[in-house]
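S.K.: what would the 3D arrangement of this be:
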Amino acid sequence: MTNRKYPLIYLIPYLGRYRFKIAIGFLMVIMTVIASMFSPWILGYVVDGLRQSLEKGKLPYYASLILGLSIIEGFFRFWMRRILIGVSRTVEYDLRNDFLAHVQKMSLSFLQSRSTGDIMSRATNDLNAVRSVLGPGIMYSMNTIVQAIIATSILLNLNWKLTLLAYIPLVLMSISVKKIGEQIHDRFESIQEQFSRLSTKVQENLAGIRVVKAFAREESEITKFGKLNFEYVRRNIKLIRLWGIFYPMMTALIGMSSVALIWFGGRQVILGKLTLGEFVAFMGYLAMLTWPTIAIGWVINIFQRGSASMGRILDIMDYRPDILDEPEASAPKSVRGRLEFRNLTFQYPNSKNPVLHNINLVVPAGTTLAIVGHTGSGKSTLINLIPRLFDPPPGSLLLDGQDVRQWPLSELRKNIGYVPQETFLFSDTIQENIAFGCDPGAADTQVAWAARVSQIADDIEAFSRKMQTYVGERGIALSGGQKQRAAISRAVAVLPKILIFDDSLSNVDTYTEERILEELTKVMKDRTTILVSHRISTVKNADRIVVLKEGSIVEQGTHETLMEQEGVYADLYQKQLLEEELAVI
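M.R.: Just a heads-up that it's a prediction; the model follows:
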């Protein structure tokens, strides 16, 4: 378990991958600091030299020394930044990939409990704050420590009394940094939480823009966003006020230190205990400690921000997926597609009552099962258990005689072609959407065949860019029926052993439905197919029809036998016939 008190410890394994580069970067830090340490010494040497004899010929020599040292320092500083900042970008890349990979392992129950905007905020804004720790944070920490150690050693050697006097305000500064740093952490965490709410609001408005416009709620949504945005600004201002106190306080302490040193050091020069050049060099080295002192506050800020953001990222990364491969999971060499439900009772994690009750059902390989029932009867829940979008109880659902929980998830799902009730298309071309589940480089003929099966091929030919037509976010450029047919093509294209259609023809007219079912009949041959639909016309030719009511199977059989029973199924059929007649009238 990750140490949540110190969340940045989680980054150590990532940094360990690039320890050689970090070691080289640390060497560049040392060389940069060493090169910079010569400048005050040379400056003091110049002052003493000019006091002894003012000669023009010495000036180019002194100038060339300082210029040469500046070039050497610049060379090492360039490589210091190039290496350490480069490592931070690489670790950010690794961490972002791991974050997305982890999120994709999460079950639907987890993703339904988190807003998309909140997860996006953690994957972008929080990761940027963590990257600042890995780059500028680590680099300036190294630079500050090395520079402080070397400069302090030189100062003590020059005059230990002046050095002790110089360090009095630094001690006071360290105490104030610790106190203020804790408040920075809390306030920045509050800012990030508000940014998540802001991101969620933007994401929901963009995703639901058609609903917003249809109900003329633009002004209302702008007002709501304005309130969230104002709160975000208010929390940022609270943090800025803290920094507004912190930096002037540091500057004042440094100023007081300089006044004391000039007074005390000046007296040392007058008394001849210190040369003017040595005093100038001392002030130069002290000036070098000014930046590390200021940098301490800046680095503390970066680390506190990064710590708060890393804690938010770990809220996701520490969450163990509900649905995982069992240790002994294995798949048979060949898949036939026989499904068996044994006394299956299922209850959602946050629900008080079961959604499905004592389901017993066998679906032989290569046959078609249809599931009908009123809204809320549990149809979608039942089929969602097959690809383990939710986990069924152990031993209650078997594929080819083996508990689906004992199947590796990748093997189980690659053998299932699934068309969900809510159609989703990616912001890509029709070609890429249909080929989504196929192996990389799937043949165009395979995609074209799948398009013909779903009867969307003619529509695609009518588009100016044909298969390369972009469908927009969530397939907004297509009609409801076209999206459903594209989703059917996507499921068929992977040539699965099990096909699941969850009310996937609801937006298609009856004529197109007949043509799709005619083509699907050829595809369904030798494949196990499960059809969920409200339309009796869609399911009447299935090998077996199951009627669900309040999570239980109340009827099952063929279309003819169910009609003879004059039960729930026959009632649904008669109502649909009446609706069709009324529609014609």
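S.K.: surely residue 289 meets residue 145?
M.R.: No - using CB atoms under 8 Å as the test, residue 289 is too far from residue 145 to be in contact (11.9 Å). The C-beta positions use only the backbone N, C-alpha and C, and glycine is treated the same way.
S.K.: can you pick out the residue with more neighbours from those two?
M.R.: Per other CB atoms under 10 Å, whichever of residue 289 and residue 145 has more neighbours is residue 289, with 21 against 14.
S.K.: and the more buried one, what helix or strand is that in?
M.R.: helix 276-317 (DSSP states H and E).
S.K.: quick one: mean pLDDT over that helix.
M.R.: For helix 276-317, mean pLDDT rounds to 75.
S.K.: now do stretch 338-350
M.R.: Computed over stretch 338-350, the average pLDDT equals 87.
S.K.: which outside residues touch it?
M.R.: 109, 322, 353-365, 369, 381-382, 385-386, 390, 392-393, 395-401, 498, 528 (CB atoms under 8 Å, 6 or more residues apart in numbering).
S.K.: tell me who's in contact with residue 134.
M.R.: Contact analysis of residue 134 by CB under 8 Å, 6+ apart lists 11, 15, 87-88, 91-92.
S.K.: switch the cut-off to 10 Å
M.R.: 8, 11, 14-15, 18, 84-85, 87-92, 95, 302, 306 (CB atoms under 10 Å, 6 or more residues apart in numbering).
S.K.: of those - the most surrounded one?
M.R.: Busiest of those [other CB under 10 Å] is residue 84, holding 26 neighbours.
S.K.: shouldn't it be in contact with residue 140?
M.R.: Yes - contact criterion CB atoms under 10 Å: residue 84 and residue 140 qualify, at 9.5 Å.
S.K.: can you list the low-confidence ranges for the stretch 101-250 of the chain?
M.R.: 170-171, 173-175, 177-179, 181-182, 185, 207, 210, 214-215 (pLDDT under 70).
S.K.: all the helices of it, in order from the start?
M.R.: Using DSSP state H, counting those that start in this stretch, the helices found in the stretch 101-250 of the chain span residues 108-113, 116-121, 127-132, 138-158, 160-207, 209-214, 218-270.
S.K.: before we move on, the earlier item: which residues do residue 84 and residue 140 both contact?
M.R.: residue 29.
S.K.: contact partners of stretch 259-269?
M.R.: By CB under 10 Å, 6+ apart, the residues outside stretch 259-269 that reach it are 159, 161-163, 165-166, 168-169, 258, 273-280, 282-283, 286.
S.K.: next one: stretch 89-100
M.R.: Applying CB under 10 Å, 6+ apart, the external contacts of stretch 89-100 come out as 10-11, 13-15, 17-18, 21, 119, 122-124, 126-128, 130-135, 310, 313, 316-317.
S.K.: all strands of the stretch 451-585 of the chain, in order?
M.R.: 498-502, 528-532, 544-549, 552-557 (DSSP state E, counting those that start in this stretch).
S.K.: turn those strands into CSV, including distance to residue 513.
M.R.: Below are the strands of the stretch 451-585 of the chain laid out as CSV (distance: least, CB to CB, whole Å):
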stretch, distance to residue 513
strand 498-502, 11
strand 528-532, 12
strand 544-549, 17
strand 552-557, 23
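S.K.: among the contacts of stretch 89-100, name the buried ones.
M.R.: By neighbour count, with 16 or more other CB atoms under 10 Å, the contacts of stretch 89-100 hold 10-11, 14, 18, 119, 122-123, 126-127, 130-135, 310, 313, 316-317 as buried.
S.K.: return the most buried member of the helices of the stretch 101-250 of the chain.
M.R.: helix 127-132 (a mean of 20; mean count of other CB atoms under 10 Å).
S.K.: please name every helix or strand in contact with that one.
M.R.: Helix 127-132 sits against helix 58-105, helix 276-317, with contacts defined as 3 or more CB pairs under 10 Å, 6 or more residues apart in numbering; DSSP states H and E.
S.K.: buried residues, the helix or strand following the last one. List them.
M.R.: Tracing the chain past helix 276-317, the next element assigned as helix or strand by DSSP H and E is strand 339-346. With burial defined by 16+ other CB under 10 Å, the residues of strand 339-346 counted as buried are 339-342, 344, 346.
S.K.: ok so, going back, out of the helices and strands packed on helix 127-132, deepest packed?
M.R.: helix 276-317 (a mean of 20).
S.K.: so residue 277 touches residue 47, yeah?
M.R.: Yes - using CB under 10 Å, residue 277 is in contact with residue 47, at 4.1 Å.
S.K.: most centrally placed residue in the chain?
M.R.: Closest to where the C-alpha atoms of the chain average out (CA atoms, centre = their mean) is residue 123, at 3.4 Å.
S.K.: distance of the closest residue in space to that one that isn't next to it in sequence relative to residue 20?
M.R.: Nearest non-adjacent residue to residue 123, counting by CB to CB, 6 or more residues apart in numbering: residue 99, 5.7 Å away. Going from residue 99 to residue 20 by CB to CB, to the nearest Å gives 25 Å.
S.K.: ok so, going back, in the contacts of residue 134, find the pair that's most separated.
M.R.: Across those, no pair lies farther apart than 18 and 302, at 19.2 Å, counting by CB to CB.
S.K.: any idea of the angle the helix or strand hosting residue 38 forms with helix 58-105?
M.R.: Per DSSP H and E, residue 38 falls inside helix 19-52. Using axes from the mean of the first three to the mean of the last three CA atoms, to 10 degrees, the inter-axis angle of helix 19-52 relative to helix 58-105 is 160 degrees.
S.K.: for helix 19-52, buried residues please.
M.R.: 22, 24-26, 28-33, 35-47, 49.
S.K.: looking at the residue nearest to residue 62 when sequence neighbours are not counted now. What's its pLDDT?
M.R.: Among residues not flanking residue 62 along the chain, residue 46 sits closest, at 4.7 Å (CB to CB, 6+ apart). With respect to pLDDT, residue 46 scores 70.
S.K.: pLDDT (mean, whole number) over stretch 447-456?
M.R.: The model assigns stretch 447-456 a mean pLDDT of 83.
S.K.: going forward, count from 165.
M.R.: I'll keep to 165 as the first residue from here, and by that count the last item is stretch 611-620.
S.K.: for it, which positions count as buried?
M.R.: Here stretch 611-620 shows 611-615, 617-620 as buried, counting by 16+ other CB under 10 Å.
S.K.: ok, the closest residue in space to residue 452 that isn't next to it in sequence to residue 441 distance?
M.R.: Counting by CB to CB, 6+ apart, residue 452 lies nearest to residue 315, which is 5.0 Å off, once chain neighbours are set aside. Residue 315 sits 17 Å away from residue 441, taking CB to CB as the criterion.
S.K.: stretch 281-290 spans what distance, first to last residue?
M.R.: Separation of the first and last residues of stretch 281-290 by CA to CA, to the nearest Å is 13 Å.
S.K.: for it, the distance to its chain's centre please.
M.R.: Distance of stretch 281-290 from its chain centroid, counting by CA atoms, centre = their mean, to the nearest Å, is 6 Å.
S.K.: also stretch 387-395?
M.R.: For stretch 387-395, the distance to the chain centre is 24 Å (CA atoms, centre = their mean).
S.K.: quickly note the distance from the closest residue to residue 199 other than its chain neighbours to residue 306.
M.R.: Nearest non-adjacent residue to residue 199, counting by CB to CB, 6+ apart: residue 237, 3.9 Å away. As judged by CB to CB, residue 237 and residue 306 stand 16 Å apart.
S.K.: tell me the contacts of residue 622?
M.R.: 615-616 are the contacts of residue 622 under CB under 10 Å, 6+ apart.
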